[in-house]
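[1] return a 3D structure for these sequence lines:
(chains A and B)
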2 protein chains.
Amino acid sequence: MRFALFTFILLLSASLGNSAEPLNSATADVVQEPHSQSFVVRPIGHVEKTEDCTRIVLAKEYEPGLLGLDGYSHLLMFWWFDKNDTPQKRSILQVHPMGNRENPLTGVFATRSPVRPNLIALTLCKIVAVKGNVVEIESTDAFDGTPVLDIKPFIPGYDSTEEASVPKWLVEGRKKRRQQAK
Amino acid sequence: MRFALFTFILLLSASLGNSAEPLNSATADVVQEPHSQSFVVRPIGHVEKTEDCTRIVLAKEYEPGLLGLDGYSHLLMFWWFDKNDTPQKRSILQVHPMGNRENPLTGVFATRSPVRPNLIALTLCKIVAVKGNVVEIESTDAFDGTPVLDIKPFIPGYDSTEEASVPKWLVEGRKKRRQQAK
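    Numbers count the residues shown, from 1 in each chain, chains lettered A, B, ... in the order given. Next comes the predicted model:
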């Protein structure tokens, strides 16, 4: 059971995050009248990936904001799908999840698609170490150089539930990938 | 154990989210040189709360983005702490969590504080129904009228882990509140 869950997570991590192109931009619904209200977000840092190490490097002035983060085992990293920051990609409202036409056409708010009106991405990361303005994490699906917008501690029970369910196609897809991986 | 977890969630929900004023703005570290790079986010909708019902109402043009969301039991709602959108509040980097001076001074990236450089908030919500451009949810700590930036489906194993740990003060505070609630 544990192995199955682990495989599921691995496959999801590999497929959910960063496929830069939506499969069906041709079928996209284009937003005609975007809201006039807007807010500005600025990177607090960026992702650094080397062969040995994955790190969130904050701008030096934000270092005080990390005080106490080492008391948590996991963080939520909020980042920006910066490779998709075009009006066209931000107007796509439906995709085939994970770039697979076998998956049903789905609204972007029902997927983790990297094309969506606001390009906010979220990844749960295991904290390895916090030193100065740098947080070493176990891994992330974000690319090297990706702008980071926020970090929050992961709090079980507030950020998670034992009662969650997902669609059949997601469960079936997982089984299929597990069989293919054997 | 289940009751304890439920109480913990309730108390956290009540205390984590929306206390508009940080306790120690006087001790705040002010960011001197904000990053020049910036991104624009626009509300896709807003929260509507009545006595009977809590709903996420999307702008009509975003309705296609909800296709398939009803296959999930829970969603992650990304919203904007719009009541705190001032340069002063966005420059605060340390607070006493939950507005309680007994909690250690903590960096905002190690808290769910509603004051932080980018005012992105995240709440896990149970889906009640999806109809047209409206998602009825069980509850949220966001106020009525709060701008919503994004919705993502909650995917167990990708968005959660069974191995997470939190600081002692958070666990102790929870015990204390449970005793007071008796």
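[2] run a quick neighbour tally on residue A:178.
    Neighbour count for residue A:178, taken as other CB atoms under 10 Å in any protein chain shown: 15. Quick note: C-beta positions are derived from backbone N, CA and C, even for glycine.
[3] counting neighbours, what do you get for residue A:148?
    Residue A:148: 25 neighbours (other CB under 10 Å).
[4] immediately after whichever strand or helix holds it, which helix or strand?
    Remark: residue A:148 resides in strand A:147-153, with elements defined by DSSP states H and E. Downstream of strand A:147-153, the next assigned helix or strand under DSSP H and E is helix A:168-181.
[5] residue A:63 contacts residue A:132, correct?
    Yes: Residue A:63 is in contact with residue A:132 according to CB atoms under 8 Å; the separation is 6.0 Å.
[6] all the helices of chain A, residue numbers only.
    Listed in chain order, the helices of chain A (DSSP state H) span residues A:2-16, A:168-181.
[7] mind telling me which of the ones you listed the model trusts least?
    Least confident of the helices of chain A, judged by mean pLDDT, is helix A:2-16 with a mean of 46.
[8] picking up where we left off before, between residue A:63 and residue A:132, which has more neighbouring residues?
    More crowded of residue A:63 and residue A:132, by other CB under 10 Å: residue A:63, with 19 against 10.
[9] can you give me the strands for chain A?
    Using DSSP state E, the strands of chain A run over residues A:39-41, A:45-49, A:54-58, A:74-80, A:94-95, A:106-107, A:120-131, A:134-137, A:147-153.
[10] of the ones you listed, which is nearest residue B:116?
    Nearest to residue B:116 among the strands of chain A is strand A:147-153 (6.6 Å), distances taken as CB to CB.
[11] and the contacts of that closest one?
    If you take CB atoms under 8 Å, 6 or more residues apart in numbering or on different chains as the criterion, strand A:147-153 is touched by A:41-47, A:56, A:58, A:65-66, A:69, A:72, A:74-80, A:82, A:120, A:135, A:142, B:37, B:39, B:109-112, B:116-118, B:120, B:122, B:166.
[12] show the buried residues in those.
    Neighbour counting with 16 or more other CB atoms under 10 Å in any protein chain shown marks A:41-47, A:56, A:58, A:65-66, A:69, A:72, A:74-80, A:82, A:120, A:135, A:142, B:39, B:109-112, B:116-118, B:120, B:122, B:166 as buried within the contacts of strand A:147-153.
[13] quick one: low-confidence parts of chain A?
    Within chain A, the set of residues satisfying pLDDT under 70 comprises A:1-35.
[14] could you rerun that using 90?
    Flagging of chain A using pLDDT under 90 yields the residue ranges A:1-36, A:171-182.
[15] near chain B at all, stretch A:44-56?
    Yes: using CB under 8 Å from any CB of the partner chain, stretch A:44-56 reaches chain B at residue A:44.
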